[in-house]
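Asker: could you look at this predicted model? Sequence included:
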Amino acid sequence: MRALTWQGKHDVRVETVPDPRIINPRDAIIRITSTAICGSDLHLYDDVIPGMKSGDVLGHEFMGEVVEVGPGNQKLKVGERVVVPFVIACGQCFFCGKQQFAACDNSNPAEKADASELAYGYPMAAAFGYSHLTGGYPGGQAEYARVPFSDIGPIVIPDGVDDDKVLFLSDILPTGWMAAVNCDIESGDTVAVWGCGPVGLFAIQSALVLGAHRVIAIDHHPHRLELAKSLGAEVINFEETRVNEALAELTGGIGPDACIDAVGMESHGLSPDNLLDHIKVKTFMATDRVHALRQVIMATRKGGRISIPGVYGGVADKFPIGALMEKGLTLKTGQTHVQKFSQQLLDLILDGKLDTTFLISHRLDLEEAAEGYKNFKEKQNEFTKVVLKPKFTRH
């Protein structure tokens, strides 16, 4: 089959690789009909996430048709259309029992879990197409994919629903939703969102659906800010405005009740702290550029809540722990428990209460994936979301 493979920094190639096959009884094989490039994929493209190997198949946002089912799978049937969550979960461990699927204890193979356990204290759950820290599973930017524990993850899509409407149930829609849920939104709340990429935009939409009185979006890309405004947000261009002063003014000097960091470890901007972060990352004195998170902590009102869906991977410098503690802030983070929210979000889509199609700016053939990555990286204002379509040349 054809699949997009990682070869090194800013080097991804569509190559012919072996077809996936059933390995474990609960597996399924999916013929992929739509797959997407995620902002998290750019961390791999930029080579800032360790554990990648040449030839790894990328991609963790995908959906398609079930073409084969293992003998232990009593849920899926050949011919069904499904969206596959990016996080792989067994459904039976302590954490899955608490619906904390992104903390699954069994999906990351034991021989690969040691590295993340060393880095984070406990092993990470597995994910598709995202480094050997998360299991080294081949991803979904391909014609076919093997889906482990497929009786737990994939959600069946009704006939007649276009891929574009539901594809983002795989990751960015539930990630934006969980980001808003983690804000514990109350009636009358003002929520501020840093970053109007795909997750940030869905966090804006989700916060409003969950009852936020106002949402304020912070970014510097004009088109992204326009999309945020079209969803109902007030907007701040951080290149033209002092963000914390503007937020204080907009909230009567109190500050936002809840703030969402949808930026993560590669903050942009020419502020002194971010320039120093760049230097420290280049000289291996730190791994993450956390300007946005510093700003979030300083901007949130006393007693407020902070939600972090943005990806962080290592260690950071100049973290304002004093402000976090003295202001009495509550902070919630984590990879997304996609399986927990899938049915609820599918129902909201089918009821017309959530829209996802506005985000798609480009549709490319899978063979054009390398071009899609380059443009998604370098032209973020125009390339808000890239969807790839395989041709199904073989199986």
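Answerer: Nice, I can see it.
Asker: now do the buried residues in stretch 118-133.
Answerer: 119, 123-133 (16 or more other CB atoms under 10 Å). Bear in mind the C-beta positions are built from the backbone N, C-alpha and C, glycine included.
Asker: what's the pLDDT at the spatially most central residue of the chain?
Answerer: Closest to where the C-alpha atoms of the chain average out (CA atoms, centre = their mean) is I172, at 4.8 Å. Per-residue confidence (pLDDT) for I172: 97.
Asker: measure the nearest residue to it once chain neighbours are set aside to V387 for me?
Answerer: Of all residues not flanking I172 in the chain, P198 sits nearest, at 4.6 Å (CB to CB, 6 or more residues apart in numbering). Computed with CB to CB, to the nearest Å, the distance linking P198 and V387 is 11 Å.
Asker: got it, and L208?
Answerer: From L208 across to V387, the span is 24 Å (CB to CB).
Asker: show me the domain layout of this protein.
Answerer: According to automatic domain parsing, the chain is divided into the following domains: 2-171+336-389, 173-333.
Asker: least confident of those domains, on average?
Answerer: For those, mean pLDDT drops lowest on domain 173-333, to a mean of 91.
Asker: and the end-to-end length of it?
Answerer: Length of domain 173-333, first residue to last, CA to CA, to the nearest Å: 16 Å.
Asker: also stretch 153-167?
Answerer: 14 Å.
Asker: can you pull the buried residues of it?
Answerer: Neighbour-count burial for stretch 153-167 [16+ other CB under 10 Å]: 153-155, 157, 163, 165-167.
Asker: likewise stretch 107-114?
Answerer: Neighbour-count burial for stretch 107-114, counted by 16+ other CB under 10 Å, picks out 107-108, 112-113.
Asker: check stretch 77-96 too.
Answerer: Buried residues in stretch 77-96, counted by 16+ other CB under 10 Å: 80-91, 93, 95-96.
Asker: hey, where'd the helices end up in the stretch 51-200 of the chain?
Answerer: Secondary structure of the stretch 51-200 of the chain (DSSP state H, counting those that start in this stretch): helices at 94-97, 110-120, 163-166, 172-181, 198-209.
Asker: the residue nearest to the centre of the chain contacts G200, doesn't it?
Answerer: No - applying CB atoms under 8 Å, one finds I172 not in contact with G200, separated by 9.6 Å.
Asker: quick check: bridge partners of the nearest residue to D184 once chain neighbours are set aside?
Answerer: Spatial nearest neighbour of D184, excluding adjacent residues (CB to CB, 6+ apart): R305 at 5.5 Å. For R305, the beta-bridge partners under DSSP bridges are A258, T330.
Asker: gap between R305 and T333?
Answerer: From R305 to T333 the distance is 12 Å (CB to CB).
Asker: next up, the contacts around the nearest residue to H132 once chain neighbours are set aside.
Answerer: Closest residue to H132 apart from its sequence neighbours, by CB to CB, 6+ apart: G51 at 4.1 Å. Counting by CB atoms under 8 Å, 6 or more residues apart in numbering, G51 touches 115, 131-134, 136.
Asker: closest to H43 among those?
Answerer: S131 (9.1 Å; CB to CB).
Asker: spatially nearest residue to the closest one (excluding sequence neighbours)?
Answerer: Distance criterion CB to CB, 6+ apart; nearest residue to S131, sequence neighbours excluded, is G51 at 3.8 Å.
Asker: next: I37.
Answerer: V386 (4.5 Å).
Asker: dihedrals phi and psi, the one you found?
Answerer: phi -110, psi 120 (degrees, to the nearest 10).
Asker: just checking, it touches A36?
Answerer: Yes - with contact defined as CB under 8 Å, V386 reaches A36; the gap is 6.5 Å.
Asker: ok, these two, which is more surrounded?
Answerer: A36 (27 against 22; other CB atoms under 10 Å).
Asker: list the contacts of the more buried one.
Answerer: Per CB under 8 Å, 6+ apart, neighbours of A36: 59, 61-62, 167-168, 170, 385-388.
Asker: spell out the secondary structure type for it.
Answerer: strand (DSSP: H, G, I helix; E, B strand; the rest coil).
Asker: look up how far T5 lies from it.
Answerer: 17 Å.
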